[in-house]
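> Whatever this is, show me its structure:
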Amino acid sequence: MKGIIFSEFISLVEDKFGLETCQSMLDANEDPGIYTTVGTYDHRDLIKLINSLSKLTGISCADLQQVYGESVFNQLFKSMPELEGKYDSTFSFIKSVEASIHIEVKKLYPQAKPPRFNFISQSASELVMDYHSARCLSHVCFGLINGCANHFNQTVTIDMAPLSQDNSEVRFTITYV
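Below you'll find the predicted structure:
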């Protein structure tokens, strides 16, 4: 997993919970908290940090992942200036992720294993897709979808239905409000 994911998570924790909580989270994992945005790190380390933050704050891991996903969307979007003005809606952007963004990520980082999306159906007001990822971070995806809708000034409801027990496969139904 790319370091930008880790560095943005650390920044979010500092901003939302303070330096003391952030340091306690890092200390609980014997993690120095030093990540370069272009480095590659084990996704399990992020999961450990989320679990520790959950214990420190009493906020569920799922809720923390969703807040993080929503927060990190704009930073990820800004890191790809070629996307600006290319998409006009939440649905058009989400549908492009698999076909263009993940392909570019794989070109830059051949070892990368981004999540896969399988689009089931789409109407003017609803998009149904399946998320597949060995990292089981479907709640981060939920937050990214919310962040995407916010970016395009659209309001959506998101239904998330697990297709596997470990949440490595989840069906998202996204509906414009």
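> OK, contacts around residue 101?
80, 83 (CB atoms under 8 Å, 6 or more residues apart in numbering). In this view, the C-beta of every residue, glycine as well, is placed from N, C-alpha and C.
> Could you rerun that using 7 Å?
Residues near residue 101 by CB atoms under 7 Å, 6 or more residues apart in numbering: none.
> buried residues in the helix or strand harbouring residue 150?
Remark: residue 150 resides in helix 138-151, with elements defined by DSSP states H and E. Residues of helix 138-151 classed as buried by neighbour count (16 or more other CB atoms under 10 Å): 138-149.
> low-scoring pLDDT stretches of this protein, where are they?
Scanning the chain for pLDDT under 70 picks out nothing.
> which residues touch residue 156?
Residue 156 makes contacts with 90, 149, 174-177, as judged by CB under 7 Å, 6+ apart.
> Quickly list the domain ranges of this protein.
3-59, 83-176 (automatic domain parsing).
> Dump those domains into CSV; add distance to residue 75 as well.
Putting those into CSV (distance: least, CB to CB, whole Å) gives the following:
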stretch, distance to residue 75
domain 3-59, 5
domain 83-176, 9
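> any residues touching the lengthiest helix in the chain, and which ones?
If you go by DSSP state H, the chain has its longest helix at helix 61-78. For helix 61-78, the surrounding residues in contact (CB under 7 Å, 6+ apart) are 8-9, 12, 50-51, 53-54, 83, 137, 139-144, 146-148, 151.
> what's the spacing between that helix and its chain's center?
5 Å (CA atoms, centre = their mean, to the nearest Å).
> hang on, the earlier thing: narrow the contacts of residue 156 to those in helices?
Per DSSP H, the subset of the contacts of residue 156 in helices is 90, 149.
> Looking at the contacts of residue 156, spot the one nearest residue 115.
residue 174 (15.3 Å; CB to CB).
> That closest one against residue 145, yeah?
Yes - counting by CB atoms under 7 Å, residue 174 does reach residue 145; the two are 6.1 Å apart.
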